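**Q** Model the following, please.
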Amino acid sequence: MRVALPVCIEVSQDYWPKAKYAIRMLLEPLGLGPIFKPRSELDSHGLYYGHSPIGLPSAIIVLPMAHSAEGFYDDFTPIDVTSVCWRKHADFNVPILFSSESGDDLVASAFYWLSGWQEFTVQARDQHGRFPHKSSLQAILEVTRLPVADCYRTMLKARLEGAGINTDLRKWAGRDWAFCPTIDVDYLRHWRIGMILREKVEYFLLNRRKVGVRERWRRLFKFTHSYFSRGDAFKIALRNMYQAIRAYGNATIFLKAAAHGPNDVSYQLDQPFLRNLFVDLTSDGFEIGLHPSYHAHTHIAYVRSERRALTEVTGTDPLSVRQHFLRYEPAITPHIQEGVGFRIDSSLGFAECSGFRNGTCMPFLRFDPVGNRVMDIWEMPLLFMDGALFNRQKYGTAEAIQDSMELLKLCQMFGGVAVGLWHNVIGEELDYPGWGEHFEKTLGWGGSNGAYIASLQDALGAWTGYPLGN
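**A** The predicted structure follows:
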């Protein structure tokens with residue numbers, strides 16, 4: 001239950017929606033619902049953010065406003081990193097992006113991170129058209145692993161409670177934090193006969209890892225015996241992952257419904273394996289989301305047809321989406337997602353490394369900087385991904401597990417949600433060594449440390465207090 005808190009904003013017309021959004025996103029996780037009012041209606045308690053705090057009732061909390069904030073957000077220009085101030089908060093050094101003589105402007109600073117403003121100002125993209133971590137303010141300031149906007153919230157919380165305004169951090173179905181395991185099913189089969197002959201025979205004959213002849217024969221025998229006696233490793237892994245998660249709660253599984261290029265691998269959604277799996281997933285409350293094709297992040301017709309195809313098989317319109325390869329163009333992709341009916345996205349993590357792409361481990365509504373409006377789609381921020389840990393960060397198994405657990409502890413500390421991404425390729429230990437152990441150990445840590453382990457839809461519904469289902 002949110003407690004109403006009067007808030008007065010006196011800023012320029014263009015900056016007003018931005019300030020309103022940032023204040024709402026800062027307050028709602030604290031159990032406070034801002035009620036926006038004119039100055040004349042502020043009396044016994046409330047917040048003020050604007051140009052003219054003089055003459056307000058003494059009980060009103062004045063949030064310092066940096067006059068440079070309005071002008072900064074007039075157009076898409078990069079932030080001047082030399083103007084960033086640093087504050088010691090708890091055990092963290094926290095960057096404040098906007099400040100003035102009267103204090104730190106937490107509202108303008110929070111808006112920068114939560115809106116993804118930097119992704120509109122930085123033109124650099126990687127080979128897949130993604131916003132690169134190395135060009136981010138997080139990388140420049142070395143705060144990728146710090147939920148900066150959540151630090152702002154705890155700073156604000158201290159001021160509120162010091163003024164006698166009680167806060168109550170939102171719960172996750174009665175738990176203090178949440179952990180959402182998610183699985184991207186890029187491939188449903190590891191090997192087809194042609195691939196077996198090509199890949200495994202080449203491995204055996206042309207192995208360049210200097211594996212001895214006896215070891216090559218052992219591995220080739222192990223593979224052929226496993227394939228013909230047990231079935232495909234990717235399918236087995238998907239079912240095993242479902243069963244492992246079921247012991248703790250449920251999860252979201254993202255499925256592909258089409259292929260439109262060489263970076264997509266197609267599979268049939270109506271095949272017996274998936275139909276049988278759908279029955280089990282549904283009975284255990286798992287969520288099935290859409291994993292759009294490679295080019296769909298800027299192609300609304302693809303997304304619409306793929307969502308329809310998934311609906312036809314599952315009987316339910318998917319509410320959650322994660323873009324393939326984490327391809328996300330901020331001026332286009334969220335509009336496509338909102339336009340076709342998605343309510344939750346979980347694409348906003350860095351493809352190269354773990355961390356907080358929008359400076360938060362809390363759910364937040366997307367903001368459209370071009371249209372200057374709040375969008376009707378929630379972001380469940382992606383924290384880590386197996387491929388980034390092992391392939392891009394080049395971690396070994398123990399390092400990957402340690403890295404993920406440190407980030408989980410931060411989400412636990414701030415009372416947020418940790419979204420982890422795994423692929424069902426973890427069933428092939430020869431090609432993906434340590435990936436399966438990372439999944440098991442990380443999931444187990446969350447389960448034994450009080451997390452509400454749930455699908456994106458269930459977790460967000462528990463946090464907001466209203467169901468998002470059909």
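
**Q** Run through the strands of the stretch 1-150 of the chain in chain order.
**A** Using DSSP state E, counting those that start in this stretch, the strands of the stretch 1-150 of the chain run over residues 3-10, 32-36, 47-50, 61-63, 85-89, 92-96, 99-100, 103-104.

**Q** what pairs with the fourth one, and is each one parallel or antiparallel?
**A** Sheet pairing for strand 61-63, assigned by DSSP bridges, gives strand 47-50 (parallel).

**Q** Quick one: mean pLDDT for the partner strand?
**A** Model confidence over strand 47-50 averages 96 on the pLDDT scale.

**Q** again with stretch 149-160
**A** The average pLDDT within stretch 149-160 is 97.

**Q** Need the strands of the stretch 1-150 of the chain in JSON lines (columns: distance to G339 and mean neighbour count).
**A** Glycine gets a C-beta too; all of them are placed from N, C-alpha and C. JSON lines is the format used below for the strands of the stretch 1-150 of the chain (distance: least, C-beta to C-beta, whole Å; neighbours: other C-beta atoms under 10 Å):
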{"stretch": "strand 3-10", "distance to G339": "29", "mean neighbour count": "18"}
{"stretch": "strand 32-36", "distance to G339": "27", "mean neighbour count": "17"}
{"stretch": "strand 47-50", "distance to G339": "32", "mean neighbour count": "22"}
{"stretch": "strand 61-63", "distance to G339": "34", "mean neighbour count": "20"}
{"stretch": "strand 85-89", "distance to G339": "39", "mean neighbour count": "12"}
{"stretch": "strand 92-96", "distance to G339": "35", "mean neighbour count": "19"}
{"stretch": "strand 99-100", "distance to G339": "38", "mean neighbour count": "17"}
{"stretch": "strand 103-104", "distance to G339": "37", "mean neighbour count": "17"}
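
**Q** how about those, which one is nearest D126?
**A** The minimum distance between D126 and the strands of the stretch 1-150 of the chain falls on strand 92-96, with 24.5 Å, by C-beta to C-beta.

**Q** got the CA coordinates for the closest one in CSV?
**A** Listed next in CSV are the C-alpha coordinates belonging to strand 92-96 (Å, rounded to 0.1, in the frame of the first residue of the first chain):
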residue,chain,number,x,y,z
PHE,A,92,30.2,3.8,-1.5
ASN,A,93,31.6,6.7,-3.4
VAL,A,94,28.5,8.0,-5.3
PRO,A,95,28.7,10.3,-8.3
ILE,A,96,26.3,13.3,-8.3
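
**Q** could you give the mean pLDDT of that strand?
**A** Taken as a whole, strand 92-96 has an average pLDDT of 98.

**Q** Enumerate the sheet neighbours of that strand, specifying parallel or antiparallel for every one.
**A** In the sheet, strand 92-96 lines up against strand 85-89 (antiparallel) (DSSP bridges).

**Q** between the strands of the stretch 1-150 of the chain, which gets the lowest average pLDDT?
**A** Checking each of these, the one with the poorest mean pLDDT is strand 99-100, at a mean of 92.

**Q** Parallel or antiparallel, list what pairs with that one.
**A** Strand partners for strand 99-100, identified by DSSP bridges, are recorded as strand 103-104 (antiparallel).

**Q** residues in contact with the strand it pairs with?
**A** 64, 85, 87, 96, 98, 155 (C-beta atoms under 8 Å, 6 or more residues apart in numbering).

**Q** Skip the chain neighbours and tell me the closest residue to the third one.
**A** By that I understand R87. Spatial nearest neighbour of R87, excluding adjacent residues (C-beta to C-beta, 6 or more residues apart in numbering): V94 at 5.1 Å.

**Q** Surely the one you found touches C151?
**A** Yes - contact criterion C-beta atoms under 8 Å: V94 and C151 qualify, at 4.5 Å.

**Q** got a list of what the residue nearest to R87 touches?
**A** Shown in contact with V94 (C-beta under 8 Å, 6+ apart): 86-88, 146, 148, 151-152, 155.

**Q** before we move on, what about A309?
**A** Per C-beta under 8 Å, 6+ apart, neighbours of A309: 257-258, 269.

**Q** Mind putting the residues you listed into CSV with pLDDT?
**A** Conversion of the contacts of A309 to CSV gives the following (pLDDT from 0 to 100):
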residue, pLDDT
A257, 97
A258, 97
L269, 97
